[in-house]
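Asker: Following is a predicted model, sequence given first.
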Amino acid sequence: MKWIRASLSALPLLATGGVAAFDVLQRKHALLWNFPVIGHFRYLLESIGPELRQYIVTSNDEERPFSRDQRRWVYASSKMENNYFGFGTDNDLEHTAGYPIIKQRTFSSVVPPSGIHAGEEVWLPSAKVLGAARGRAKAFRPNSVVNVSAMSYGSLSAQAVEAINRGVAICDAVQNTGEGGLSRHHRQGGDLVFQIGTAYFGCRDEQGRFDLARLKELVAGAPVRAIEIKLSQGAKPGLGGVLPGVKVTPAIAEARGVPVGQTCISPSRHAEFSDVDSMLDWVELLASETGLPVGIKSAVGADRFWENLVHEMATSGRGVDFITVDGGEGGTGAAPLTFSDSVSLPFRVGFARVYSRFARAGLTDRVTFVGSGKLGLPDNAMVAFALGCDMVNVAREAMLSVGCIQSQRCHTDRCPTGVATQDPWLTRGLDPTLKSVRLANYVRTLRRDLVKVSEACGVYHPGLVTADDIELLDGTRSGRSIREVYGYEPGWGVPSDADREALHALLSRTAPEGGGAPASPARV
């Protein structure tokens, strides 16, 4: 009997040991790899989270920056699970000012197909050819209207960068390198946009000065499709950055062109130009020397910069090929609270101001507009397209798809899932091969939903949704179209006739077709 009792008392320890062994051998969940056994409690709490929040904590749409519903949609999409919701919306439509409503059309020649996964393989390219308006030698039409935004190697782990690059290769999208340089982890088959920040990482000399020869060598030896000059980002505009020396590993030092173990400083301003005039000279230099389209990324603050940019592009013959507008609600690895909360305009207000200036000057057809800042959700993305975006970039949503659980520890180097940390013990559980597929699934699902909603509006591409197709509610009292709210004129926010015709010719052979029941005998 004593032997039996001893054996029974040992069973919990044996079971725990078995679970721990399974956790460290599996590669599917980074959290369980890094935290065997106890990591299961997170999934247990997640499974009963809706009930706990309903009665004790928060509702499904209260958490920020991404609500539980939003995160669940990204997770389910990345895993190819059912991402539908039942019993109707739990969002507070009745009392939320600015809530977007997409207006479907009763009759249309565009008929959406049915099925949960219908449309996931649809080709959804940009309506504009990037760089064509300015005759760039390597102008191209991006194959995806959804791409991965700038996130540097250093902010993200090597495994996360590699997973994203492999993922964009699978779904034919593009990854922005971020200002931290182009590492070997970016060279896994996916196309790239190379971002140049104020420290010129990856294209600088030993003194930290910009080196054109190194830039040309770098972009010639990698699948770089465009160059983006970072002026600012939404979460911390006008602020430089610091990467402590303890995080500057040999691999990061190689990508950035800095000494191992030395603290990296990103100044708040560029040294190669000091105003719009000199900036455009530099843009044209980079474009002529590399042949690549060249654009800028900026948050929206003071109007003077945009006034001067529009004036110079309208009168000087110089210009940028694309503009990435980053909203103040965008993310970052680390920033002072004031900058995250209160500096730079939110996306809708900021983008509308920028687009309106270019529209009044008749320049919108010469620029590809890219939006970023929490636009990796279908409703937000549709508003962005209606305002005039040609493409959207996703960052934190891409992080969620490869394992991020919104622990908000990016600034501590203690990300529990290995996404935003350089800690080898934490990053080893993130499997780039598995997570790359999840990133691709998420992008494909977002594009699928954009196609479905576009077809509900009577068009076959989100870039053709107009500013009259979406209203912003004032609770239950009234709703006004985006055109009215932001003062858009008729025709603003959509591609030119020539671009629409070219897009129709491209998609007419591949657009999904739906349909209804056969017509009755009386109609045949």
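Answerer: Ah, there it is.

Asker: What score does Glu94 have for pLDDT?
Answerer: We have a pLDDT of 80 for Glu94.

Asker: Can you tell me how far it is from Arg477?
Answerer: From Glu94 across to Arg477, the span is 10 Å (C-beta to C-beta, to the nearest Å). Backbone N, C-alpha and C define where each C-beta goes, glycine included.

Asker: go on, Pro12?
Answerer: In this view, Pro12 and Arg477 are 60 Å apart by C-beta to C-beta.

Asker: cool, and Glu179?
Answerer: Glu179 is 45 Å from Arg477, where distance means C-beta to C-beta.

Asker: The two: which is more packed in?
Answerer: More neighbours surround Glu179 than the other of Glu179 and Arg477, with 27 against 8 (other C-beta atoms under 10 Å).

Asker: Tell me the spacing between the nearest residue to Ser232 once chain neighbours are set aside and Gly487.
Answerer: In space, and not counting its chain neighbours, Ser232 is closest to Ala299: 4.6 Å by C-beta to C-beta, 6 or more residues apart in numbering. Ala299 is 21 Å from Gly487, where distance means C-beta to C-beta.

Asker: And for Ala199?
Answerer: Look at Ala199 and Gly487: by C-beta to C-beta, they are 38 Å apart.

Asker: Please apply the same query to Gln233.
Answerer: Noted for Gln233: a distance of 26 Å to Gly487, by C-beta to C-beta.

Asker: swap in Val394?
Answerer: With distances taken as C-beta to C-beta, Val394 is found 28 Å from Gly487.

Asker: For those two, indicate the residue with more neighbours.
Answerer: Comparing Val394 with Gly487 by other C-beta under 10 Å, the one with more neighbours is Val394, at 26 against 11.

Asker: What's the local residue count around the closest residue to that one other than its chain neighbours?
Answerer: Closest residue in space to Val394, ignoring its immediate chain neighbours: Gly376 at 3.4 Å, by C-beta to C-beta, 6+ apart. The tally of other residues near Gly376 (other C-beta under 10 Å) stands at 28.

Asker: who touches Gly376 in this structure?
Answerer: Each residue near Gly376 by C-beta atoms under 8 Å, 6 or more residues apart in numbering is listed here: 74, 146, 392, 394-398, 446.

Asker: same thing but 7 Å
Answerer: Shown in contact with Gly376 (C-beta atoms under 7 Å, 6 or more residues apart in numbering): 394, 397, 446.

Asker: Make a markdown table from those and add pLDDT and distance to Ser268 to it.
Answerer: Below are those laid out as a markdown table (pLDDT from 0 to 100; distance: C-beta to C-beta, whole Å):
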| residue | pLDDT | distance to Ser268 |
| --- | --- | --- |
| Val394 | 97 | 26 |
| Glu397 | 95 | 27 |
| Leu446 | 97 | 33 |
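
Asker: Now, these that are in helices?
Answerer: 397, 446 (DSSP state H).

Asker: and which of the contacts of Gly376 is nearest Asn34?
Answerer: Glu397 (22.4 Å; C-beta to C-beta).

Asker: what about the closest one, distance to Ile265?
Answerer: 29 Å.

Asker: And the two? Which one has more around it.
Answerer: Neighbour count, other C-beta under 10 Å: between Glu397 and Ile265, Glu397 has more, with 29 against 13.

Asker: quick one: contacts for that one?
Answerer: Glu397 neighbours (C-beta under 7 Å, 6+ apart): 74, 376.

Asker: which ones are touching Gly131?
Answerer: By C-beta under 7 Å, 6+ apart, the contact set of Gly131 is 138-139, 293, 321.

Asker: next one: Arg348
Answerer: Applying C-beta under 7 Å, 6+ apart to Arg348 gives the contacts 383, 387.

Asker: which element is it on?
Answerer: Assigned by DSSP states H and E, Arg348 belongs to helix 347-360.
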